[in-house]
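**Student:** Could you look at this predicted model? Sequence included:
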Amino acid sequence: MLSKEEVKERHRIASKRWSDNNKDKIRAYRKSHKEYFRKAQAEYSKRHPDRIIKKNTRYNEEHPNRFKVYYQNNKEDMIKKQAEYQKKKYKEDEDFRRLLRLRRMTAQLSGSLEGKSCINCNSTENLHRHHPSYDSYDWIILCRRCHQDLHNFLNGHKEYRKNNTVYDKTEGKK
């Protein structure tokens, strides 16, 4: 008689074999039930934000140049799609037009970020400008990681690291 672990392993192997042999069926099913899978993923993300962040962090560490490689391979298509999207959005949305004008003016006023550093961790790589409010020309310089952490915190995640201090929405400083 097989142990519980052996039964699970056999089932896993059989499932893997079936999915490898029926990729078209799976793709068609997922396509026909796209909205269901989208909702299920959104619910999972809300219930387990820590798992999503952990998975994304691990993937980013394993594939540090994925965006750069993808961009190099698809540069023309990406530029074309972005231009089409912005044209459409620009025609439809007055706030978006105001935002683009503000970004253009801010870039002209501020110049390059060369020689500057993140106000949070003092990193000089992958610098971004964060606009606390798009109604003014105020902005702060953050590295990509700190900028993402700040937006995660502002969008409801529990913690934010500032100068190696962890801030918690519910308790304040830790």
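**Tutor:** Right, received. Where do you want to start? Not measured: the values here are computed from a predicted model. Residues are numbered from 1 along each chain as shown.
**Student:** distance of residue 7 from residue 77?
**Tutor:** Taking C-beta to C-beta, to the nearest Å as the measure, residue 7 falls 47 Å from residue 77. All C-beta spots, glycine's among them, are computed from the backbone N, C-alpha and C.
**Student:** Correction: the previous question concerned residue 152.
**Tutor:** In terms of C-beta to C-beta, residue 152 sits 29 Å off from residue 77.
**Student:** If you count surrounding residues, which of the two has more?
**Tutor:** residue 152 (15 against 9; other C-beta atoms under 10 Å).
**Student:** From the contact counts, what lies against the helix or strand containing the more buried one?
**Tutor:** Residue 152 is located in helix 144-154, with elements delineated by DSSP states H and E. On a contact count with 3 or more C-beta pairs under 8 Å, 6 or more residues apart in numbering; DSSP states H and E, helix 144-154 meets strand 127-130, strand 159-162.
**Student:** Pick out the shakiest of these, pLDDT-wise.
**Tutor:** Within those, the least confident segment by mean pLDDT turns out to be strand 159-162, at a mean of 57.
**Student:** how's the chain carved up into domains?
**Tutor:** Dividing the chain into domains by automatic domain parsing, as the record does, gives the ranges 72-111, 113-174.
**Student:** weakest of those domains by average pLDDT?
**Tutor:** The weakest mean pLDDT among the domains of the chain belongs to domain 113-174, with a mean of 70.
**Student:** need the longest helix for the chain.
**Tutor:** helix 66-92 (DSSP state H).
**Student:** list the buried ones in that helix?
**Tutor:** Counting neighbours by 16 or more other C-beta atoms under 10 Å, one finds that helix 66-92 has no buried residues.
**Student:** And the next helix or strand past the helix or strand harbouring residue 25?
**Tutor:** Per DSSP H and E, residue 25 falls inside helix 23-32. Toward the C-terminus, helix 23-32 is succeeded by helix 34-47 as the next helix or strand (DSSP H and E).
**Student:** Just the CA trace of that next one, in CSV.
**Tutor:** Extracted in CSV, the C-alpha atoms of helix 34-47 (Å, rounded to 0.1, in the frame of the first residue of the first chain):
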residue,chain,number,x,y,z
LYS,A,34,-10.5,35.3,-18.2
GLU,A,35,-12.7,37.4,-16.0
TYR,A,36,-13.0,34.6,-13.4
PHE,A,37,-9.2,34.2,-13.2
ARG,A,38,-8.7,38.0,-13.0
LYS,A,39,-11.1,38.3,-10.0
ALA,A,40,-9.5,35.2,-8.3
GLN,A,41,-6.0,36.7,-8.7
ALA,A,42,-7.2,40.1,-7.4
GLU,A,43,-8.8,38.4,-4.3
TYR,A,44,-5.7,36.3,-3.7
SER,A,45,-3.5,39.4,-3.9
LYS,A,46,-5.7,41.3,-1.4
ARG,A,47,-5.7,38.3,1.0
